[in-house]
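A.B. asks: fold the stuff below for me.
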Amino acid sequence: MHLFAYGTLMDRRILARVLGRTPPNGVPATLYGYKKWETTLGYPIILPETGAVCQGMVFYNLSQQDWKRLDEYEKATTEPPAYFRRLLSAQGGSGSISVQVYVGNLNYFRARLKR
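C.D. replies: Predicted coordinates:
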């Protein structure tokens, strides 16, 4: 599975710290239908929005162990979850790419969005 990163995980040093290993190189990609929002917590989230565009990076072929670490980092398994991991389609230089994306939980972040 491939990761579409749009915030702190685009920084390979942070991604390496989360994964516990040197991550693969990322490639630029675009996610349509999602808008990036800044939060008062110092990191962004994305939320669905018609016509919106989000730029990011795709990191290819992550392992199951990588996904467990990422889910913990993104608080995708807490109650309530901060993020939902979704299978979406991003556009890269060679066309459409199936990617896993951490989409913000609006109920979790509603009071933390910068407007």
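A.B. asks: ok, then the element right after the lengthiest strand in the chain?
C.D. replies: If you go by DSSP state E, the chain has its longest strand at strand 45-59. Using DSSP states H and E, the helix or strand that follows strand 45-59 towards the C-terminus is helix 64-73.
A.B. asks: any chance of the backbone angles for Ala111?
C.D. replies: Per-residue torsions, Ala111: phi -80, psi 0 (degrees, to the nearest 10).
A.B. asks: tell me the strands beside the helix or strand where Gln100 lies, with direction?
C.D. replies: Assessed by DSSP H and E, Gln100 sits inside strand 95-104. Using DSSP bridges, strand 95-104 pairs in its sheet with strand 3-5 (parallel), strand 83-92 (antiparallel).
A.B. asks: got the contact list for the helix or strand that comes right after that strand?
C.D. replies: On the C-terminal side of strand 95-104, the closest following helix or strand by DSSP H and E is helix 106-109. The contact list for helix 106-109 (Cβ atoms under 8 Å, 6 or more residues apart in numbering) reads 37, 39, 45, 47, 80-82. The way it works is simple: take the backbone N, C-alpha and C, and place the C-beta from them, glycine included.
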